[in-house]
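1. Build the 3D model from these lines:
(2 chains, ligands or ions: 2)
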Amino acid sequence: MELDFSILLKFADALALGLWTTLKLTVLCVAMGTALGFLIGLARASENALIRIPASAFVEFFRGTPVLIQLFWIFFCLPLVLGVELSNLASATIALTLYMGAITSETFRASLRAVGREQMDACVALGLPRSVQILHVILPQAVLRAVPTLLSNCISLFKESALVSAVGMADLMFVGQNISNNTARPIEVLTAVACIYFIIAFPLTRLVTRIEGRMLRKLAA
Amino acid sequence: MTAIPQDAALVRITDLHKGYGAHIKVLRGLNIEMKPGERVVVIGPSGGGKSTLLRVVMGLEEIQQGSVTFAGKPYISAEGSKTRIDTEQRKKIGMVFQHYTLFPHLTVLQNLTLAPRKVHGVSRSAAEDRGRAILARFGLDAKADAYPSQLSGGQKQRVAIARALMLDPQLMLFDEVTSALDPELVAEVEAVILQLASQGMPMMMVTHDMWFARNVASRVIFCAGGVVVEDGPPEQVLGNPKEERTREFIDRVFHIKG
Ligand SMILES: Nc1ncnc2c1ncn2[C@@H]1O[C@H](COP(=O)(O)OP(=O)(O)O)[C@@H](O)[C@H]1O
Ligand SMILES: [Mg+2]
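-> Ligands and ions are numbered 1, 2, ... in the order given. Take a look at the predicted model:
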């Protein structure tokens, strides 16, 4: 069998539309999931067990179950529970936001911990009240430390979002599968789809490496 | 500098007991009375509780027994299992640590102005003017907008001292502030502390540098086993100690120094 990549040109528009859906979904879930993860990360650092334990349970649940099954739950069970129909995009956004929240909360928690006891001692010695310690010393450092890992989390989500194709959402992966089924040319089509994911993810992974180096140098003081 | 009568103690530590957890007893009934204007150097074997003592005075630690007064007023006391710390009193004390504890995400000037602005409500421009003046005094004017990671160890420690001075402390605590430095950077930090000493700043410090101790101290306290073993002027404690344990320690330290 001859490989023929030229057939892809016919489907350029469809692929572009799929990519647009993938990007939209990723950006939405990254933004909301990171905000959620930040709050959950704080909750997990709380001294109050009533805040800490539910937050931990949430995280363990979403980290310990397959994303695909989480998607099915949200797609098929949530409408039953809520009694309303949700659009595909809404369901996928909710599912991946919750997942992203769980993942990034771990990132934030680790970076909060990395702000050492010595920084706290310095705060106390300077008479900084708790609110100033948190807002001006701990959180900025924790967020800066979290940036490289957060970017990695984003790249992972971008790729993992391909799972939404399994519940019928027309993202890049879904479009690619459709084309490949219709043309019976899975190798060309799926290779092209992989290339599209790669072309977007690769510069981002390079960026992560560079930012990581800079952050580490800066925060090493 | 302070309105305390000369006969009163600036710091009075009475029967201080402090340990970590149930089993580690570090300070076991320590008594120190520090007069205004005194510069106390605490020496003693490693692990003997010198840092713990300074941390207690800074109000960073819980204590199990005893009390500390500052400027004639109650400051820290053990009440049952609780430690009561007067945080208003604590604000009058500044501390510099062995490991640089600058805020890495803030510039040098921001490090200096954070506490005056957020704690004392000083305006940004006033705080910055003051900050630049102190930096200039310490030869750091060019570094105001640098980040800590761009500074040498000696510069970081000088910034840390400047940061503490922004709050007009009535007592400065220095815990081995040159121990983590490369040897060639020690002098610039010690010079800054000597400058403060010559201006009459009361200080309590831990150092292993006997030359520096002799130059800066008005009084030397040898601590071992969680109590004060010997307490007197530097010529006595460093030069001609009365206590056998002090003598052994001094001999050993000088011996190591070659
Ligand atoms: N946070 C802590 N938890 C447990 N033990 C500690 C802690 N800090 C200090 N210690 C112990 O207390 C003792 C005295 O320590 P330290 O005050 O640092 O002594 P020094 O400064 O004289 O070397 C040491 O045995 C040390 O291991
Ligand atoms: Mg020490």
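
2. Using CSV, write out every CA atom in stretch B:106-114.
-> This file holds the C-alpha atoms of stretch B:106-114, laid out as CSV (Å, rounded to 0.1, in the frame of the first residue of the first chain):
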residue,chain,number,x,y,z
LEU,B,106,11.3,40.6,45.7
THR,B,107,14.0,43.0,44.8
VAL,B,108,16.4,44.2,47.5
LEU,B,109,14.5,47.4,47.9
GLN,B,110,11.2,45.6,48.1
ASN,B,111,12.7,43.2,50.7
LEU,B,112,13.5,46.3,52.8
THR,B,113,10.2,48.1,52.4
LEU,B,114,7.8,45.3,52.8
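
3. pLDDT score for the residue of chain A found nearest ligand 1?
-> Nearest residue of chain A to ligand 1 (Cβ to the nearest ligand atom) works out as A:R117 at 8.4 Å. C-betas here are computed from N, CA, C, even on glycine. Listed pLDDT for A:R117 reads 87.

4. how close does it sit to A:V27?
-> Look at A:R117 and A:V27: by Cβ to Cβ, to the nearest Å, they are 37 Å apart.

5. So if I had to pick from those two, which one is more boxed in?
-> A:V27 (13 against 9; other Cβ atoms under 10 Å in any protein chain shown).

6. Now the more buried one: which helix or strand?
-> helix A:12-44 (DSSP states H and E).

7. Mind giving me the packing neighbours of that helix?
-> Under the contact definition 3 or more Cβ pairs under 8 Å, 6 or more residues apart in numbering or on different chains; DSSP states H and E, helix A:12-44 sits against helix A:49-64, helix A:88-114, helix A:139-160, helix A:172-183, helix A:186-219.

8. and those, which is most packed in?
-> helix A:88-114 (a mean of 21; mean count of other Cβ atoms under 10 Å in any protein chain shown).

9. So which bits of the helix or strand bottoming out on mean pLDDT in chain A are buried?
-> Ranked by mean pLDDT, DSSP states H and E, the weakest helix or strand in chain A is helix A:7-10, scoring a mean of 84. By neighbour count on 16 or more other Cβ atoms under 10 Å in any protein chain shown, the buried set for helix A:7-10 is A:L8.

10. Likewise for stretch B:216-227?
-> Buried residues in stretch B:216-227, counted by 16+ other Cβ under 10 Å: B:216-224, B:226.

11. coming back round to it: between the helix holding A:V27 and helix A:88-114, how many degrees?
-> Going by axes from the mean of the first three to the mean of the last three Cα atoms, to 10 degrees, helix A:12-44 is angled at 40 degrees with respect to helix A:88-114.

12. what's the spacing between helix A:12-44 and its chain's center?
-> Centroid separation for helix A:12-44 versus its chain: 6 Å, with Cα atoms, centre = their mean, to the nearest Å.

13. what angle separates that helix from helix A:186-219?
-> 40 degrees.

14. mind checking the end-to-end distance for stretch B:214-226?
-> Separation of the first and last residues of stretch B:214-226 by Cα to Cα, to the nearest Å is 23 Å.

15. what mean pLDDT does it have?
-> Regarding stretch B:214-226, the rounded mean pLDDT is 95.

16. Tell me if it is near ligand 1.
-> No: using Cβ under 6 Å from any ligand atom, stretch B:214-226 never reaches ligand 1; the gap is at least 7.4 Å.

17. now the farthest one out in chain B, which residue is it?
-> B:S125 (28.8 Å; Cα atoms, centre = their mean).

18. just to revisit the earlier point, mind putting the helices and strands packed on helix A:12-44 into CSV with mean pLDDT?
-> Output for the helices and strands packed on helix A:12-44, formatted as CSV (pLDDT from 0 to 100):
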stretch, mean pLDDT
helix A:49-64, 94
helix A:88-114, 92
helix A:139-160, 91
helix A:172-183, 92
helix A:186-219, 88
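
19. With respect to B:P36, which of those helices lies nearest?
-> helix A:139-160 (37.4 Å; Cβ to Cβ).

20. what about dumping the CA coordinates of that closest one to CSV?
-> The C-alpha trace of helix A:139-160 is given here as CSV (Å, rounded to 0.1, in the frame of the first residue of the first chain):
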residue,chain,number,x,y,z
LEU,A,139,1.7,32.7,47.7
PRO,A,140,3.9,34.6,45.2
GLN,A,141,6.7,32.2,45.8
ALA,A,142,4.5,29.2,45.7
VAL,A,143,2.9,30.4,42.4
LEU,A,144,6.3,31.1,40.8
ARG,A,145,7.6,27.7,41.9
ALA,A,146,4.5,26.1,40.5
VAL,A,147,4.7,27.7,37.0
PRO,A,148,6.9,25.1,35.3
THR,A,149,4.9,22.2,36.6
LEU,A,150,1.6,24.0,35.8
LEU,A,151,2.8,24.4,32.2
SER,A,152,3.5,20.7,32.1
ASN,A,153,0.1,20.0,33.5
CYS,A,154,-1.4,22.1,30.6
ILE,A,155,0.5,20.2,28.0
SER,A,156,-0.7,16.9,29.4
LEU,A,157,-4.2,18.2,29.5
PHE,A,158,-4.0,19.3,25.8
LYS,A,159,-3.0,15.8,24.9
GLU,A,160,-5.4,14.0,27.3
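
21. and B:V253, what is it in contact with?
-> Shown in contact with B:V253 (Cβ atoms under 8 Å, 6 or more residues apart in numbering or on different chains): B:43, B:208, B:210.

22. per-residue pLDDT, it?
-> Looking at B:V253, its pLDDT is 81.

23. State the helix or strand in which it lies.
-> Following DSSP H and E, one finds B:V253 within helix B:244-257.

24. go on, B:R84?
-> In the assignment (DSSP H and E), B:R84 maps to strand B:82-85.

25. Check whether that strand comes into contact with chain A.
-> No: if you take Cβ under 8 Å from any Cβ of the partner chain as the test, strand B:82-85 misses chain A, and the best it gets is 9.7 Å.

26. That strand - contacts with which helices or strands?
-> Packed against strand B:82-85, as judged by 3+ Cβ pairs under 8 Å, 6+ apart, are the following elements: strand B:73-79.

27. List the contacts of the strand it packs on.
-> Strand B:73-79 has contacts (Cβ under 8 Å, 6+ apart) with B:17, B:56, B:59, B:63-69, B:83-86, B:89-90.

28. Taking the centroid of chain B, which residue is nearest it?
-> B:L173 (1.3 Å).

29. Now do the contacts for that one.
-> With contacts defined as Cβ under 8 Å, 6+ apart, B:L173 is in contact with B:54, B:57-58, B:93-96, B:203-205.

30. Also A:R44?
-> Contacts of A:R44 by Cβ under 8 Å, 6+ apart are A:52, A:55-56, A:59, A:105, A:109.

31. hmm, back to that, model confidence over the helix holding A:V27, on average?
-> 94.

32. Could I get the buried residue list for it?
-> Buried, per 16+ other Cβ under 10 Å, within helix A:12-44: A:14-15, A:18-19, A:21-22, A:25-26, A:28-30, A:32-34, A:36-38, A:40-44.
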